[in-house]
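Participant: quick one, fold the following:
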Amino acid sequence: MQLSVEDIATNALANLVSSVVLLVVGFVIGKTWDLTTHVRAFRNVFGRSAGKKTPLYVVLDTLRDTRVMSSNEQRQLNIQSPPPTPPGAHYYKTFPDGHYTHLPGPTEGLVPECSARGSAYLIEALRGIRGITTQAVSDRSVADRWNGSFITLGSSYSNIKSDDIKLLPENPWLLDDAGQFKLKDKTAIAMDRRSDKGIILKLRNTRFEGHALFVCAGLGEWGTSGSAWFLAHKWRQLSKRFGKHPFMLVVSVTPGADESAREILARGDEEFLWRLRKWIRQSVGYTTHPPSEF
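Facilitator: Residues are numbered from 1 along each chain as shown. Predicted coordinates:
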């Protein structure tokens, strides 16, 4: 049976329309699946209520210049002979061409550059999650708050919230982070000449169900920002690896290169499928791949 030109054109158009519809449907299904997987991973790691009624707080450590404190504040800090406050600037900014400016500086708090980098990594990484908000705040502003999920930047000696989290009875791993990471199982990790060290600690927020508590702290400034970079770029893998469980990772970071952060120690209960894949890889000889690359 011969087809007319009109029939051929009609069939071709129908096939084209069908192909376009299938492509669109496939695209929508794929995007929906990706979004669902993305959101599920976020809830596993940061808590099912994170960033909803309250923002997911990125908590920066703030430092103060003793020279701009009142004499009463200096006495409270046990500063016996505070240096006289010079008339002029307390801070200097040097530019690449050699010129510099004098700045009076803030009287409340300074944010370390590593914490600023770390907060940028985290906020950028999480801003695409639908219905989720993140907010950078100072440690002093949330010192007495627990209703939410918190990611603190800086050690327990520079960040009020990091200190609070370290001292929680729910913390099974980190004992102290002064000069070296001391773990409760007697493990000790220190800096070396070639690398800073960073820690990523996740605990459940037992005061408010559905929220989590994180500490990204460093031995050396690149340890802090490197650990934040690692969390910002690896949280999906961490969801596959640990699910909703608490965990602690220690990373090694080459100074000046946050993206060089690599895991050197881990604590926490891994998911069965993750352990199975790791066992299979090791069985067939892929022992050189770190577990974070599965």
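
Participant: show me which residues of the helix or strand hosting residue 181 are buried.
Facilitator: Here residue 181 sits within strand 180-183, counting by DSSP states H and E. Residues 181-183 are the ones in strand 180-183 that count as buried (16 or more other CB atoms under 10 Å). Bear in mind the C-beta positions are built from the backbone N, C-alpha and C, glycine included.

Participant: could you dump these into a markdown table and include distance to residue 75 and pLDDT?
Facilitator: Below are these laid out as a markdown table (distance: CB to CB, whole Å; pLDDT from 0 to 100):
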| residue | distance to residue 75 | pLDDT |
| --- | --- | --- |
| 181 | 34 | 97 |
| 182 | 32 | 97 |
| 183 | 37 | 97 |
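
Participant: looking at those, spot the one nearest residue 94.
Facilitator: For the buried residues of strand 180-183, the residue nearest residue 94 by CB to CB is residue 181; the value is 33.1 Å.

Participant: how far away is that closest one from residue 282?
Facilitator: Distance from residue 181 to residue 282, counting by CB to CB, to the nearest Å: 26 Å.

Participant: ditto for residue 118
Facilitator: Distance, residue 118 to residue 282, using CB to CB: 33 Å.

Participant: can you check residue 149 too?
Facilitator: Distance, residue 149 to residue 282, using CB to CB: 34 Å.

Participant: those two - which one has more neighbours?
Facilitator: residue 149 (26 against 12; other CB atoms under 10 Å).

Participant: hang on, the more buried one packs against residue 52?
Facilitator: No - counting by CB atoms under 8 Å, residue 52 is not a contact partner of residue 149; they are 9.5 Å apart.

Participant: so what does the helix or strand where residue 231 lies touch, helix or strand wise?
Facilitator: Assigned by DSSP H and E, residue 231 belongs to helix 221-242. Packed against helix 221-242 by the contact rule (3 or more CB pairs under 8 Å, 6 or more residues apart in numbering; DSSP states H and E) you find helix 5-46, helix 113-126, strand 150-153, strand 196-204, strand 212-219, strand 247-253, helix 272-283.

Participant: repeat the analysis, applying 10 Å as the threshold.
Facilitator: Applying 3 or more CB pairs under 10 Å, 6 or more residues apart in numbering; DSSP states H and E, one finds that helix 221-242 contacts helix 5-46, helix 113-126, strand 150-153, strand 196-204, strand 212-219, strand 247-253, strand 262-268, helix 272-283.

Participant: ok, of the ones you listed, where does mean pLDDT dip lowest?
Facilitator: Confidence, taken as mean pLDDT, is least for helix 5-46 of the helices and strands packed on helix 221-242 (a mean of 63).

Participant: buried ones in stretch 148-160?
Facilitator: For stretch 148-160, by 16+ other CB under 10 Å, it's 148-156, 158-160.

Participant: ditto for stretch 226-246
Facilitator: So stretch 226-246, judged by 16+ other CB under 10 Å, has buried residues 226-243, 246.

Participant: and if you look at stretch 114-126?
Facilitator: So for stretch 114-126, counting by 16+ other CB under 10 Å, buried means 114-115, 117-123, 125-126.

Participant: which among these gets closest to residue 39?
Facilitator: Closest approach between the buried residues of stretch 114-126 and residue 39, by CB to CB: residue 126, at 11.5 Å.

Participant: my guess is that closest one meets residue 51, correct?
Facilitator: Yes - counting by CB atoms under 10 Å, residue 126 touches residue 51, with 7.5 Å between them.

Participant: now do the shared contacts for the two.
Facilitator: Residues touching both residue 126 and residue 51 (CB atoms under 10 Å, 6 or more residues apart in numbering) are 42, 132-134.
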